[in-house]
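Colleague: no FASTA, just this:
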């Protein structure tokens, strides 16, 4: 008898560990799931914060370059209204009213803003803002 225990690598006075109860196992699983969810939530909020900072930086850059940044959540007419409201009187009345541009496109439509750009004349030259 003594030899059979030594062959199997077991000692007679050491018992195998009993299986944990289902309640303890479920409690441990819930705790692990909760920790994992909290970690994912904190990671997601950190990434959201980084993205928000990048978007604000981009909006500020657009506003500095062009003087206005449209709100993506607002409809087009509201963005146009906001743009006009932020103009000073001098800027508003300095816009030319006698534009000289004719649209001969019958099949395709021209991009928005083309009439106001070409209406300034053919000598108008675009320069990259630096």
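Modeller: Here it is on my side, so go on. Predicted model only: the values in this text are computed from it and were never measured.
Colleague: so where's this structure uncertain?
Modeller: Along the chain, the parts satisfying pLDDT under 70 run over 1-17, 99, 117, 119-130.
Colleague: any chance you could map the helices in it?
Modeller: 2-8, 22-66, 76-86, 89-93, 114-118 (DSSP state H).
Colleague: and residue 105, which of those helices is closest to it?
Modeller: Closest of the helices of the chain to residue 105 is helix 114-118, at 9.6 Å (criterion: CB to CB). For the C-beta atoms, the positions are set from N, CA and C on the backbone; glycine is no exception.
Colleague: flag every buried residue along that closest one.
Modeller: By neighbour count on 16 or more other CB atoms under 10 Å, the buried set for helix 114-118 is residue 118.
Colleague: elements contacting that helix?
Modeller: Packing contacts for helix 114-118, counted by 3 or more CB pairs under 8 Å, 6 or more residues apart in numbering; DSSP states H and E, involve no helix or strand.
Colleague: could you measure from residue 74 over to residue 81?
Modeller: 9 Å (CB to CB, to the nearest Å).
Colleague: and for residue 29?
Modeller: From residue 29 to residue 81 the distance is 55 Å (CB to CB).
Colleague: from residue 81, how far out is the residue most central in space within the chain?
Modeller: Among the residues of the chain, the one closest to the centroid is residue 51, at 5.3 Å (CA atoms, centre = their mean). According to CB to CB, residue 51 stands 28 Å off from residue 81.
Colleague: next one: residue 92
Modeller: 13 Å.
Colleague: just residue 25 next, same as before
Modeller: Look at residue 25 and residue 81: by CB to CB, they are 62 Å apart.
Colleague: residue 49 too?
Modeller: 31 Å.
Colleague: with residue 35 instead?
Modeller: Remark: distance between residue 35 and residue 81 (CB to CB) = 49 Å.
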